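**Q** Sharing a sequence plus its predicted fold:
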Amino acid sequence: MEIPNKPEREEAEAIPLIDLSPCFDHVGEHRGGKEKVIKAIGRACEEWGFFQVVNHGIPVELIEETLETCRVFFEYPAEEKMKVRGGVSVPQQMPTGYNVYPPGSWDLYENLYYRAGRRSSPRQTTSDFSDGNAQCNAFPEDLPQLRFMIERLIEYLGKTTDLIESLISQSLGLGGDFIKELNRDKIEPLKVLCYPKAITEEEIGAWQHQDSSCITLVGQDDTGGYQVLKDAKWVDIQPTKGALVINVGDILQVWSNNRFKSATHRVLNNRERRRCSFAFATVPNPKKLVSPLPQFTSEMNRPAAYQSFFYGDYMVKRVRNKTHPPAKAEDFADITIYAL
Ligand SMILES: O=C(O)CCC(=O)C(=O)O
Ligand SMILES: [Fe+2]
């Protein structure tokens with residue numbers, strides 16, 4: 001008799017962990033391994049809006065070394081960090097380079113913000129983004145290895161994102177290239193985050209939110225504190241060596257007309273140490289009109305759950321949440337402003 005190695009209750013309390021190796025291995029693909037991955041991703045996006053992947057094609061040392069090197073940077077004195085600034089800011093985007101949020105912010109983390117566009121090959125990591133606003137990426141001068149790591153990480157994350165988006169397209173019953181075509185001139189920001197040590201119990205480092213992206217790929221160190229809301233309960237997203245956490249963002253929720261869930265998540269600060277992580281998001285071009293797809297509305301005889309909107313208009317509101325934090329949590333702009 002097969003004995004399950006974990007009690008059912010515990011299993012139900014962890015986000016799904018999906019091994020992507022069948023997608024890289026033709027034998028596995030032949031045996032239907034890739035089909036199983038597509039099904040597992042579809043289920044995870046419906047039930048959780050979150051899953052972890054291993055064997056995703058990104059060298060684990062690159063993830064770990066980048067986070068360690070960023071940790072070194074975040075220990076610098078404030079005036080040194082402030083020198084790492086990028087281009088002029090525009091209302092649809094966070095400024096590139098080093099950011100701390102203004103006093104009164106709900107989020108307590110610092111970050112390094114990078115942009116990668118898709119207009120030319122190889123991926124651009126410097127300037128010339130499709131909305132016409134040149135945004136320069138900025139790196140600390142005395143940590144040259146950080147630039148090298150970030151640029152390599154962006155290359156790898158872009159490839160893994162292509163794979164995940166293709167698997168997600170298929171899990172929605174669409175062609176493998178569907179999302180790629182739909183989101184052709186997308187933008188891919190990378191944010192490296194560093195959370196302070198907690199001073200109080202249950203101190204929140206990233207306030208509960210849903211991502212404004214299509215999908216987000218997160219790499220975290222082993223500090224812990226990352227949580228997703230499931231059935232009105234916070235569930236820990238345990239750091240798993242070499243794994244990336246993937247979550248559905250608002251845009252995939254809108255396109256799929258609520259079939260896939262942009263789940264609420266947050267980060268608690270740790271009392272012993274600072275936590276470092278990165279979040280690589282795919283977002284539509286600011287000029288892109290976003291609406292629920294006909295495949296999930298008219299073709300199914302279902303009403304659209306959202307009105308159409310330009311992604312840039314939504315981003316202006318989301319960036320304002322950060323630059324001018326509202327006094328009350330209920331005043332944060334989120335995707336429900338477009339709900340019908
Ligand atoms: O730090 C993390 O692990 C997650 C950050 C996050 O949720 C975000 O940047 O949207
Ligand atoms: Fe998030």
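**A** Noted; the coordinates are in hand. Numbers count the residues shown, from 1 in each chain. Ligands and ions are numbered 1, 2, ... in the order given.
**Q** what about D222, neighbour count?
**A** Neighbour count for D222, taken as other CB atoms under 10 Å: 12. All C-beta atoms are positioned from the backbone trio N, CA, C, and that covers glycine.
**Q** Make sure it is indeed in a strand.
**A** No - judged by DSSP: H, G, I helix; E, B strand; the rest coil, D222 forms no part of a strand; its state is coil.
**Q** What is the lengthiest strand in the chain packed up against?
**A** The residue-count maximum for a strand in the chain (DSSP state E) belongs to strand 275-282. Judged by 3 or more CB pairs under 8 Å, 6 or more residues apart in numbering; DSSP states H and E, strand 275-282 is in contact with helix 60-74, helix 144-171, strand 190-195, strand 215-220.
**Q** Average pLDDT for the helix or strand just after the longest one, rounded please.
**A** The reference is to helix 144-171. Next along the chain after helix 144-171, taking DSSP states H and E as the criterion, comes helix 178-182. Mean per-residue pLDDT for helix 178-182: 95.
**Q** if we look at helix 178-182, which residues are touching it?
**A** Helix 178-182 has contacts (CB atoms under 8 Å, 6 or more residues apart in numbering) with 162, 165-166, 168-169, 172, 214, 255.
**Q** ranking those by neighbours, who comes first?
**A** Those, ranked by neighbours (other CB under 10 Å): first place C214, 28 neighbours.
**Q** So what's the predicted local confidence for L17?
**A** 97.
**Q** dump the residue contacts of the nearest residue to S256 once chain neighbours are set aside.
**A** Excluding the flanking residues, the one nearest S256 by CB to CB, 6 or more residues apart in numbering is F296, at 5.5 Å. By CB under 8 Å, 6+ apart, the contact set of F296 is 255-257, 259, 302.
**Q** Need the buried ones from those residues selected in ChimeraX.
**A** The ChimeraX selection below is limited to those of those classed as buried (16 or more other CB atoms under 10 Å):
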select :255,256,257,259
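**Q** would TSV of the contacts of F296 with distance to ligand 1, secondary structure and pLDDT be doable?
**A** Below are those laid out as TSV (distance: CB to the nearest ligand atom, whole Å; DSSP: H, G, I helix; E, B strand; the rest coil; pLDDT from 0 to 100):
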residue	distance to ligand 1	secondary structure	pLDDT
W255	19	helix	98
S256	20	coil	98
N257	23	coil	98
R259	22	coil	98
R302	29	coil	97
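**Q** Which residue, neighbours along the chain excluded, lies closest to E202?
**A** Nearest one to E202, counting by CB to CB, 6+ apart, is L268 at 6.2 Å.
**Q** who's in contact with stretch 300-316?
**A** 91-93, 131, 212, 250-251, 254, 257-258, 283-292, 296-297, 333, 335, 337-340.
**Q** So what does F310 have for phi and psi?
**A** phi -80, psi 130 (degrees, to the nearest 10).
**Q** how many neighbours does it have?
**A** So F310, with other CB under 10 Å, has 16 neighbours.
**Q** Please apply the same query to the one 5 residues further on.
**A** For M315, the tally of surrounding residues (other CB under 10 Å) stands at 21.
**Q** partner strands of the helix or strand where I246 lies, parallel or antiparallel?
**A** Secondary structure from DSSP H and E places I246 in strand 244-248. Here strand 244-248 has these sheet partners by DSSP bridges: strand 50-54 (antiparallel), strand 215-220 (antiparallel).
**Q** among those, which is nearest ligand 1?
**A** Set against ligand 1 and scored by CB to the nearest ligand atom, the strands paired with strand 244-248 come closest in strand 215-220, at 4.7 Å.
**Q** average pLDDT across that closest one?
**A** Per-residue scores along strand 215-220 average to 98.
**Q** Stretch 313-321 too?
**A** Stretch 313-321 comes out at a mean pLDDT of 92.
**Q** Pull out the buried residues from it.
**A** Buried-residue list, stretch 313-321, by 16+ other CB under 10 Å: 314-319, 321.
**Q** Spell out which residues of this structure are next to ligand 1.
**A** Taking CB under 6 Å from any ligand atom as the contact definition, the chain meets ligand 1 at 191, 193, 206, 211, 218, 220, 226, 265, 267, 277, 279.
**Q** from these, which is closest to F51?
**A** Nearest to F51 among those: V218, at 11.2 Å, using CB to CB.
**Q** residues touching the closest residue to that closest one other than its chain neighbours, list them.
**A** Leaving aside its sequence neighbours, V218 sits nearest to V245 (CB to CB, 6+ apart; 4.2 Å). If you count contacts by CB under 8 Å, 6+ apart, V245 has them with 15, 50-52, 217-220, 226, 237.
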